[in-house]
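Visitor: Model the following, please.
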Amino acid sequence: MTEGLKLDSHHRHTLGKVFEHPLTHNLQWHDLLSLLEAVAEVSEGKDGRYKVRLGVETETFDVPRGKDVTEQQIIDIRRMLRNAGITPEGLEAH
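Guide: Numbers count the residues shown, from 1 in each chain. Below you'll find the model as predicted:
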């Protein structure tokens with residue numbers, strides 16, 4: 001999946017934060033949404049929720065109340081990215 005994937009430095013930085021251990025607590029929603037829009041199909045519903053389709057997986061995310069995403073959102077997005085073969089290490093290999 002990473003073949004032909006072009007991410008700018010901001011997206012690469014955000015991707016690195018998604019895969020940080022321990023989980024980061026300062027990842028902003030707009031940064032994550034920008035990354036997702038670069039790698040997945042993203043659509044905003046009338047209810048303000050975002051449907052993200054990446055590979056064979058589809059998840060729906062609520063916009064966080066604050067500016068930072070929740071730990072559970074990071075875990076879910078990390079899983080989706082990993083399952084689609086999009087990891088910081090995978091990008092370095094191409």
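Visitor: low pLDDT regions in this protein?
Guide: By pLDDT under 70, the low-scoring segments of the chain are 1-4, 92-94.
Visitor: So which bits of the lengthiest helix in it are buried?
Guide: Taking DSSP state H as the criterion, the chain has its longest helix at helix 71-83. For helix 71-83, a neighbour-count test (16 or more other CB atoms under 10 Å) marks 73-74, 76-78, 80-81 as buried. Placement of C-beta: from N, CA and C, glycine included.
Visitor: wait, which of these is closest to H21?
Guide: H21 lies nearest to R78 out of the buried residues of helix 71-83, by CB to CB, at 10.2 Å.
Visitor: thought the closest one was touching V18?
Guide: Yes - contact criterion CB atoms under 8 Å: R78 and V18 qualify, at 5.3 Å.
Visitor: Give me the contacts around the longest helix of the chain.
Guide: Applying CB atoms under 8 Å, 6 or more residues apart in numbering, the set of residues contacting helix 71-83 from outside is 15, 18-19, 23-25, 27, 32, 36, 39-40, 52, 54-57, 59, 61, 64, 69, 87.
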